[in-house]
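Undergrad: heads up, no residue letters with this:
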């Protein structure tokens, strides 16, 4: 079982379940990334967390993310990594 520290937040009227992941996520294929996100989404819903999953990771000095299109401007905000880490408020074991 893996434990994830997540930020379950409401931002701009949207419930977000944000998973900060390691940089190795970025080296996965798009298909593999989507499968991981689907698993995280199912686990979050299974834990009765409202909202949709987004993932965020750092690679070097850059921050990357996968999230619903409507959230892209939010995730492109300066300091987003620090904001997410400051807003960690739940632990999810999968």
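TA: Arrived safely, thanks for sending. Bear in mind that the values here come from a model prediction, so they are computed numbers and not experimental data.
Undergrad: Residues touching stretch 85-94, excluding its own?
TA: Stretch 85-94 is contacted by residues 1-9, 18, 20, 39-40, 43-44, 47, 49 when judged by CB atoms under 8 Å, 6 or more residues apart in numbering. Backbone N, C-alpha and C define where each C-beta goes, glycine included.
Undergrad: got it, and stretch 9-26?
TA: The contact list for stretch 9-26, computed with CB under 8 Å, 6+ apart, reads 4-8, 33, 36, 40-41, 44, 49-59, 64, 67, 70-71, 74, 81, 84-85, 87-89.
Undergrad: Now with 6 Å, please.
TA: Stretch 9-26 has contacts (CB atoms under 6 Å, 6 or more residues apart in numbering) with 4, 6-8, 40, 44, 49-51, 53-57, 59, 64, 84, 87.
Undergrad: From those, keep the buried residues only.
TA: 4, 6-8, 40, 44, 49, 51, 53-57, 84 (16 or more other CB atoms under 10 Å).
Undergrad: out of the residues you listed, what pair is the most spread apart?
TA: Largest separation among the buried ones among the contacts of stretch 9-26 by CB to CB: 49 and 57, giving 19.9 Å.
Undergrad: Any idea how many residues pack against residue 5?
TA: 13 (other CB atoms under 10 Å).
Undergrad: Are we agreed that it is in a strand?
TA: Yes: secondary structure of residue 5 (DSSP: H, G, I helix; E, B strand; the rest coil): part of a strand.
Undergrad: Which pLDDT value goes with the closest residue to residue 1 other than its chain neighbours?
TA: The shortest distance from residue 1 to any non-neighbouring residue, by CB to CB, 6 or more residues apart in numbering, is to residue 93 (5.3 Å). Note on residue 93: pLDDT of 93.
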